[in-house]
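Trainee: One predicted model, sequence on top.
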Amino acid sequence: TANAFALMGLRQLYFLIGGLIDKLVYLSHGLAVILGFIGVKLILHAVHETTTLPVPEIPTTLSLVVIVATLVITTIASLYKTRHIAPKKMGGTAEAAPAAPDGGDAGEAPGHVRRGDDDLDERVKL
């Protein structure tokens with residue numbers, strides 16, 4: 001999808017969708033339900049077409065309703081979880097990373113010289 005969106009000039013749309021995927025935590029479960037439903041529908045249709053057994057057929061409109069409803073439910077549940085439940089578990093406070101013994105950041109190598117924002121601005125101008 002990244003290449004297709006880039007060719008169409010929609011690279012920003014790709015990043016938007018990528019950001020949404022992080023928030024849609026139940027999307028994979030919803031897609032599994034949809035694929036299972038479609039699999040059952042295909043099996044019932046195949047049995048109906050190839051045998052004389054009386055099996056029910058699932059109409060296309062019902063399939064569309066099930067697919068849309070599943071996507072809506074998983075989207076709402078995912079957004080509810082990421083907006084309401086996840087922040088409560090974190091307690092609303094972020095802990096600061098421990099400082100390194102030499103006064104630098106914990107993620108930096110010992111003896112690392114940190115440059116200021118002015119140096120970054122100069123490098124960007126070059």
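Mentor: Arrived safely, thanks for sending. Numbering: from 1, shown residues only.

Trainee: What average pLDDT does stretch 70-81 get?
Mentor: Summarised as a single mean, pLDDT over stretch 70-81 is 93.

Trainee: May I see the buried residues of that stretch?
Mentor: For stretch 70-81, the neighbour count (16 or more other C-beta atoms under 10 Å) marks 70-71, 74-75, 77-78 as buried. Placement of C-beta: from N, CA and C, glycine included.

Trainee: How about stretch 47-58?
Mentor: Residues of stretch 47-58 include none that count as buried (16+ other C-beta under 10 Å).

Trainee: outside of that stretch, which residues touch it?
Mentor: The contact list for stretch 47-58 (C-beta atoms under 8 Å, 6 or more residues apart in numbering) reads 40-41, 44-45.

Trainee: 6 Å - rerun?
Mentor: The contact list for stretch 47-58, computed with C-beta atoms under 6 Å, 6 or more residues apart in numbering, reads 41, 44.

Trainee: Could I get the CA-only coordinates of that stretch as PDB?
Mentor: Taking C-alpha atoms only, stretch 47-58 is exported to PDB below (Å, rounded to 0.1, in the frame of the first residue of the first chain):
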ATOM      1  CA  VAL A  47     -22.900 -27.200  -0.800                       C
ATOM      2  CA  HIS A  48     -26.100 -25.700  -2.100                       C
ATOM      3  CA  GLU A  49     -24.800 -25.600  -5.700                       C
ATOM      4  CA  THR A  50     -23.200 -29.100  -5.800                       C
ATOM      5  CA  THR A  51     -25.600 -31.200  -3.700                       C
ATOM      6  CA  THR A  52     -29.300 -31.600  -3.100                       C
ATOM      7  CA  LEU A  53     -29.000 -31.000   0.600                       C
ATOM      8  CA  PRO A  54     -31.200 -28.300   2.000                       C
ATOM      9  CA  VAL A  55     -28.700 -25.700   3.200                       C
ATOM     10  CA  PRO A  56     -29.600 -22.100   3.800                       C
ATOM     11  CA  GLU A  57     -28.200 -19.400   1.500                       C
ATOM     12  CA  ILE A  58     -27.000 -16.200   3.000                       C
END
